[in-house]
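Participant: from the sequence below, what's the structure:
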Amino acid sequence: MPGGTGTELVPPGGVTSRERLAVLHVIAPGDVGGAERVVHTLATGQHRAGHRVAVAAVLGNGTDRQLFLAPLDRAGVETMTLRISPRAYGRERAAIVELCRRLRPDVVHTHGYHVDVVDAGAARRAGVPTVTTVHGFTGGDFKNWIYERLQRRAFRRFDAVVAVSRPLARDLERTGVPPARLHVVPNAWPAHDPPPLGRNQAREQLEVPEGRFHVGWVGRLTREKGLSVLLAALRLLEDVPLVVSVVGDGRQRSQLQDEAARLGVGNRVRWLGTVAEAGRLFAAFDVFALSSRTEGTPIVLFEAMAAETPIVATAVGGVPDVVTPQEALLVAAEDPAALAQAIRSVFTNPAAAGERARRARARLASEFAPAPWLERYEAIYRSLG
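Facilitator: Numbers count the residues shown, from 1 in each chain. Below you'll find the model as predicted:
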């Protein structure tokens, strides 16, 4: 399974040919969010360490491959696109079996409910051990509930299940994942190359209005991300000259825009949609607000920490394992008043907010480096051989 450059060179400190693993990552990518960034970081890190890595993206007809796959191509990781018509599950499974026969991976690593349910079983039938990384669950409507049930059942058949936070691991164990196959591996910081932009350049790129306290929100526009809580908090901040930039898209966009209008805060919210390389732009924010109802280990927190951007966040899932009250203002979920008070505190006391942000950046460097994280995944892969 040659890398994207066609070479077999092992970087200094990498693995020898005898130790080299062949890894196939499979994902059905959406907008480039947390799971997609984890795949980028895993695949590029493993490739640089000398492993033979490929990434297969399951895409619907007409979906642009470039947003997700182009950075991997540039890094020399082998990539391939599986273009499958909706609900053509038999063809999709056959394509995965053929990939396994051609690439002969030591492990297939899936990311996300679609490939967990549809594709991992095909890899197992081809005789390849399977690993999944579980980033969390979206909740929401009946359709999502069905997807979650199917995914939870599928987890029991994996050779290894990786949870990105301890609360998520406890939840998975309660719902039937055998403890012997369950691993807790919090996400690492996928440092950007090129690096994050400086404050002035980032604000210019996002066209931030002059004289406004700039609140950043980044994520999928889905219920579990809790943007509606931030919109409600804005009603309590009418005296603060702020503007909110919402970076991201999702199925609830029109509903949330209607909610902002109903609350009378629509003129204070900018809907930017999907922004290329959004992770490089966090220095544009005076405060980053994470209002999620549920979380795993959010990559967006790392991006705010790297930019030394003050953080207010809900204390859900793995968030308190990433930042403590020494590095961020943590509030309860579903509490607009507490979220508003935290944002107001950053506005009125920027010196204290800046000190927390500096501690957050130091914590990021000391606690969430990618090298130990990559080693944890390699150890899991090797335990399946």
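
Participant: backbone dihedrals for the closest residue to residue 213 other than its chain neighbours, please?
Facilitator: Nearest residue to residue 213, sequence neighbours excluded (C-beta to C-beta, 6 or more residues apart in numbering): residue 242, at 4.2 Å. Bear in mind the C-beta positions are built from the backbone N, C-alpha and C, glycine included. Phi and psi for residue 242, reported as degrees, to the nearest 10, are phi -110, psi 160.

Participant: count of neighbours near residue 332?
Facilitator: By the criterion of other C-beta atoms under 10 Å, residue 332 has 11 neighbours.

Participant: correct me, but it touches residue 319?
Facilitator: No. Checked against C-beta atoms under 8 Å, the pair residue 332 and residue 319 is beyond contact range at 11.5 Å.

Participant: show me where pLDDT drops low in the stretch 51-200 of the chain?
Facilitator: Counting by pLDDT under 70, the stretch 51-200 of the chain contains low-confidence residues at 61-66, 138-141, 191-193.

Participant: ok, 80 please
Facilitator: 60-67, 84-87, 137-145, 190-194 (pLDDT under 80).

Participant: so where do the helices sit in it?
Facilitator: For the stretch 51-200 of the chain, applying DSSP state H, counting those that start in this stretch gives helices covering 66-74, 89-103, 113-118, 120-125, 142-155, 166-174, 199-206.

Participant: and those as CSV, adding mean neighbour count?
Facilitator: Shown next, in CSV, are the helices of the stretch 51-200 of the chain (neighbours: other C-beta atoms under 10 Å):
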stretch, mean neighbour count
helix 66-74, 16
helix 89-103, 17
helix 113-118, 22
helix 120-125, 20
helix 142-155, 14
helix 166-174, 17
helix 199-206, 16
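
Participant: with respect to residue 339, which of those helices lies nearest?
Facilitator: Nearest to residue 339 among the helices of the stretch 51-200 of the chain is helix 166-174; the distance by C-beta to C-beta comes to 20.5 Å.

Participant: quick check: angle from that closest one to helix 142-155?
Facilitator: Angle of helix 166-174 versus helix 142-155, following axes from the mean of the first three to the mean of the last three C-alpha atoms, to 10 degrees, is 70 degrees.

Participant: how far out from the middle of the chain is helix 166-174?
Facilitator: In terms of C-alpha atoms, centre = their mean, to the nearest Å, the centre of helix 166-174 is found 18 Å from the chain centre.

Participant: give the contact list for the nearest residue to residue 264 once chain neighbours are set aside.
Facilitator: Of all residues not flanking residue 264 in the chain, residue 235 sits nearest, at 7.0 Å (C-beta to C-beta, 6+ apart). Residues near residue 235 by C-beta atoms under 8 Å, 6 or more residues apart in numbering: 263-265, 336.

Participant: and the next element down the chain from the longest helix anywhere in the chain?
Facilitator: Among the segments of the chain that qualify as a helix by DSSP state H, the longest is helix 350-367. Using DSSP states H and E, the next helix or strand after helix 350-367 towards the C-terminus is helix 370-383.

Participant: what does that next one contact?
Facilitator: Helix 370-383 has contacts (C-beta under 8 Å, 6+ apart) with 21, 23, 41-42, 45-46, 49, 51, 106-107, 109, 131, 160, 162, 183, 185-191.

Participant: go through those and flag which are in strands.
Facilitator: Those of the contacts of helix 370-383 mapping onto strands are 23, 107, 109, 131, 160, 162, 183, per DSSP state E.

Participant: quick one: the helices in the stretch 251-385 of the chain, in order.
Facilitator: Using DSSP H, counting those that start in this stretch, helices in the stretch 251-385 of the chain cover 253-263, 299-306, 319-322, 336-348, 350-367, 370-383.

Participant: with mean neighbour count added, can I get those in CSV?
Facilitator: Putting the helices of the stretch 251-385 of the chain into CSV (neighbours: other C-beta under 10 Å) gives the following:
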stretch, mean neighbour count
helix 253-263, 15
helix 299-306, 26
helix 319-322, 21
helix 336-348, 20
helix 350-367, 16
helix 370-383, 16
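
Participant: save those as JSON lines, and put in distance to residue 145 and mean pLDDT too.
Facilitator: Shown next, in JSON lines, are the helices of the stretch 251-385 of the chain (distance: least, C-beta to C-beta, whole Å; pLDDT from 0 to 100):
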{"stretch": "helix 253-263", "distance to residue 145": "18", "mean pLDDT": "98"}
{"stretch": "helix 299-306", "distance to residue 145": "25", "mean pLDDT": "94"}
{"stretch": "helix 319-322", "distance to residue 145": "24", "mean pLDDT": "95"}
{"stretch": "helix 336-348", "distance to residue 145": "26", "mean pLDDT": "99"}
{"stretch": "helix 350-367", "distance to residue 145": "35", "mean pLDDT": "97"}
{"stretch": "helix 370-383", "distance to residue 145": "29", "mean pLDDT": "96"}
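
Participant: so which of the ones you listed gets nearest residue 274?
Facilitator: Using C-beta to C-beta, the nearest of those to residue 274 is helix 253-263, at 10.8 Å.

Participant: packing partners of that closest one?
Facilitator: Secondary-structure packing of helix 253-263 (3 or more C-beta pairs under 8 Å, 6 or more residues apart in numbering; DSSP states H and E): helix 227-234, strand 269-273.
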